[in-house]
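Student: sequence isn't available, so here's the structure alone:
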C-alpha cells in the first residue's frame, strides 16, 4: 500500500486519536501503526518518535509483532547485491556519435540515482552483468 500521507498528516491523525480515545492506556490502532511504518520508510526513527509521540520501544515491539525488518539490521536485499566487474573504457576508433550516456534509477518516492558520463561500452557491461543475474 502506498501512503500519500506526510509526517504532519500522521501527526494530526495521532492528535485526533489521542483526543478521542476512551482512556490514556488505549492501544494505538493498527491504521496508525501502518502509517508509522510508512513514515519510517522516508524519515528517521528519531524524527518519527519525536513528531508522533511514540517511543522506540513501542516501535520495536510493534515491529517484532508484525515481523517487520529493522531498517538498521542487515537487509534481505543485501543477499542480492550485484558486484559488477567492469573494465575501464577503451577508446574506440569507431564513433557512433553517442560516446557518453547515463543510467538513471527512480524510486516510487521520487528519489533518483543518476550515474553519468558512461561510455557505451560501460553501459553495455553494466546491463549485460545485471541481466545475467536475473536470468
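Tutor: Received, thanks. The structure presented is a predicted model; accordingly, all values stated were derived computationally and were not measured.

Student: if you count neighbours, what's buried in stretch 50-58?
Tutor: 52, 54, 58 (16 or more other CB atoms under 10 Å). All C-beta atoms are positioned from the backbone trio N, CA, C, and that covers glycine.

Student: same check on stretch 116-127?
Tutor: The neighbour-count check on stretch 116-127 (16+ other CB under 10 Å) flags 118-119, 121-123, 125-126 as buried.

Student: also stretch 34-52?
Tutor: By neighbour count on 16+ other CB under 10 Å, the buried set for stretch 34-52 is 35-36, 38-40, 43, 45, 48-49, 52.

Student: that older thread, taking the buried residues of stretch 116-127 one by one, which sit in helices?
Tutor: 121-123, 125-126 (DSSP state H).

Student: how does this protein divide into domains?
Tutor: 7-66, 82-134 (automatic domain parsing).

Student: redo the ones you listed as CSV? Include mean pLDDT.
Tutor: Formatted as CSV, the domains of the chain follow (pLDDT from 0 to 100):
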stretch, mean pLDDT
domain 7-66, 91
domain 82-134, 67
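
Student: ok, back up a step: just the ones in helices from the buried residues of stretch 50-58, please.
Tutor: 52, 58.

Student: and which of the buried residues of stretch 50-58 is nearest to residue 131?
Tutor: Taking CB to CB as the measure, residue 131 lies nearest residue 52 of the buried residues of stretch 50-58, at 42.0 Å.

Student: so that closest one makes contact with residue 38?
Tutor: No: contact between residue 52 and residue 38 fails when scored by CB atoms under 8 Å: they sit 11.6 Å apart.
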